[in-house]
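Participant: structure for the following, please:
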Amino acid sequence: MCTFAVMQTNLPQDFVRLMHEHFDTKTAEGLCSALTSTDPEVSIRLNLRKMSVEDVLAFRPELEQVSWCPGAFYLKDRPAFTFDPLFHAGAYYVQEASSMYVAEVLKQFVPLDRPLVALDLCAAPGGKSTLLQSIIPDGSLLVSNEPIAKRSQILSENMQKWTRGLSAGAPHCIVTQNFPAEFGALTGQVDVLLTDVPCSGEGMFRKDEDAVREWSLENVRMCQQRQRDILQDIWHVLKPGGLLIYSTCTFNRFEDEDNTRFICDEMGGFCLLERHFLPGRDRGEGFYVAAIRKGGNADESAEKDIQHTATKVRRTLRVLFDSVSSLQPDAPFVELTYGEALQYLRREALRVEAPRGMVTLRYRNLILGQGKCVGSRINNLYPEAWRIRSTYTTPFSILGIEN
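Facilitator: All right, here's what the predicted structure looks like:
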């Protein structure tokens, strides 16, 4: 009979048993110990179209880079990101390092020398979509989808901030709110399909006590079936030879390896890579990813009509944001200090010298949004739903505060 350390007793015993069945004893014990006795890592990923690695290292030379993702860093603690205007300008994204491994999967298995169509099916809050948008080639189309209304609004906000101010040639992003069965018009149109499916949330045990309380073997089995339903509903959009990136934040084989086998045996996929990230062994939260190639050969001689696909998205899906049709009109730039930037992000009126009419507000040359100068003040046009609601400020900027 197995005996487990005292520190593991606040984990569901069925979960502990499963981990010892799925992994060797040392790995299972290390995982369970890490879940109950260590804090999560904090990591960020730069928007390399807005900020360079050199920019950050010049100010924070002590930061350690995440080895599998360009422009990503571990932080020693979790600062008050809310009060960094650069965060709101889409200069970087706070993301678990383990989930950034999608960058390595793309690098290994996707030709990144020509434009492509990518669909992130369950994209909220936007970590993997912002990563995709950063890595896929210029001229590509990214559809970032979230079926749940409240979560889709958060996704839309993050994608708008991430893509605001980028050049016209940057990957085109459309945010949609649809369920998998509603993507019939995109059959055979997608080169890269990312499905970070809803799961039992074992990888959240260090961060969310509710995830521990709500875990059960019954829920694991329910999630496994729901994941298979999602995959079967969306598989048709992937073109022959296209790549499915299947991921969860769980450790159990039912939602991970068994579903990968299901995709290969029942749906015609070929597994190219599987990778588990385990706290106690890897620097990051729990994450499983599989790279699966769809059977068949793509017609490489056929010219990609990405604009035609974008038109299908607009006509058949519920669009929340379109980085092409949502481009803001040209307006004079007004540079803000740190304090003025926080005023703007709180949706307060600004008393800053500016030409009359529409103006674009920036902090460190990165766009925050727009306002309208009416003489002695600038009326604030920052979206109400996005504003910083806290009146308390813990001053912070990833590059230091300059007034």
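Participant: wait, Asp233 sits on Ala181?
Facilitator: Yes - with contact defined as CB atoms under 8 Å, Asp233 reaches Ala181; the gap is 4.8 Å. Using the backbone N, CA and C atoms, a C-beta is placed for each residue, glycine as well.
Participant: for those two, indicate the residue with more neighbours.
Facilitator: Asp233 (16 against 12; other CB atoms under 10 Å).
Participant: residues touching the more buried one, list them.
Facilitator: Asp233 makes contacts with 179-181, 183, as judged by CB atoms under 8 Å, 6 or more residues apart in numbering.
Participant: among these, which ones are buried?
Facilitator: Buried by 16 or more other CB atoms under 10 Å: 180, 183, out of the contacts of Asp233.
Participant: any low-confidence regions in this structure?
Facilitator: 1-9, 298-304, 326-329, 403 (pLDDT under 70).
Participant: domains in it, by residue range?
Facilitator: What automatic domain parsing lists as the domains of the chain is 6-37, 97-322, 333-386.
Participant: using CSV, lay out the ones you listed together with distance to Arg60.
Facilitator: Shown next, in CSV, are the domains of the chain (distance: least, CB to CB, whole Å):
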stretch, distance to Arg60
domain 6-37, 26
domain 97-322, 16
domain 333-386, 15
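Participant: ranking these by burial, who's on top?
Facilitator: For the domains of the chain, the largest average neighbour count (mean count of other CB atoms under 10 Å) is found in domain 97-322, namely a mean of 19.
Participant: what's the span of that domain, first residue to last?
Facilitator: End-to-end span of domain 97-322 (CA to CA, to the nearest Å): 28 Å.
Participant: list the residues that contact the closest residue to Tyr101 other than its chain neighbours.
Facilitator: Leaving out its chain neighbours, the residue that sits closest to Tyr101 by CB to CB, 6 or more residues apart in numbering is Trp68, at 5.3 Å. Going by CB under 8 Å, 6+ apart, Trp68 touches 100-101, 103-104.
Participant: go through these and name the one nearest Leu35.
Facilitator: Tyr101 (19.5 Å; CB to CB).
Participant: report the central residue of the chain.
Facilitator: When CA atoms, centre = their mean is applied to the chain, the residue found nearest the centroid is Gly127 (1.4 Å).
Participant: with adjacent residues omitted, what lies nearest to that residue?
Facilitator: Closest to Gly127 by CB to CB, 6+ apart is Gln95, at 4.1 Å.
Participant: Leu131 is in contact with the one you found, correct?
Facilitator: Yes - in this structure, Gln95 is within contact of Leu131 by CB under 8 Å, at 7.3 Å.
Participant: between the contacts of Asp233, which sits nearest Ser323?
Facilitator: For the contacts of Asp233, the nearest to Ser323 is Phe183 (19.5 Å; CB to CB).
Participant: surely the closest one touches Ile234?
Facilitator: Yes - under the criterion of CB under 8 Å, Phe183 makes contact with Ile234 at 6.2 Å.
Participant: so what sits against both of those two?
Facilitator: Leu119.
Participant: how near is Leu166 to Lys50?
Facilitator: Going from Leu166 to Lys50 by CB to CB, to the nearest Å gives 8 Å.
Participant: which residues are in contact with each of Gln95 and Leu131?
Facilitator: Joint contacts of Gln95 and Leu131 (CB under 8 Å, 6+ apart) are Arg45.
Participant: just the element for Gln160, please.
Facilitator: Gln160 is part of helix 149-163, with elements assigned from DSSP states H and E.
Participant: go on, Cys271?
Facilitator: Per DSSP H and E: strand 269-277 holds Cys271.
Participant: quick one: contacts of that strand?
Facilitator: Everything outside strand 269-277 that qualifies as a contact, by CB under 8 Å, 6+ apart, is 98, 101, 105, 108-109, 244, 251, 256-257, 260, 263-264, 284-295.
Participant: quick one, strands of the stretch 101-250 of the chain?
Facilitator: Counting by DSSP state E, counting those that start in this stretch, the stretch 101-250 of the chain has these strands, from start to end: 117-120, 141-145, 172-176, 190-196, 238-248.
Participant: residues in contact with Pro180?
Facilitator: Pro180 neighbours (CB under 8 Å, 6+ apart): 121, 147, 230, 233-234.
Participant: for the chain, which helix is longest?
Facilitator: Across the chain, the longest stretch assigned as helix under DSSP state H is helix 217-234.
Participant: what distance separates the start and the end of stretch 54-67?
Facilitator: End to end - CA to CA - stretch 54-67 spans 16 Å.
Participant: Asp120 versus the residue nearest to Gly126 when sequence neighbours are not counted, what's the distance?
Facilitator: In space, and not counting its chain neighbours, Gly126 is closest to Asn158: 3.5 Å by CB to CB, 6+ apart. Computed as CB to CB, the Asn158 to Asp120 distance reads 12 Å.
Participant: again, but for Gln95
Facilitator: 13 Å.
Participant: what are the ranges of the helices in this structure?
Facilitator: 13-22, 25-37, 53-59, 85-88, 102-109, 127-135, 149-163, 209-214, 217-234, 257-267, 306-316, 338-345.
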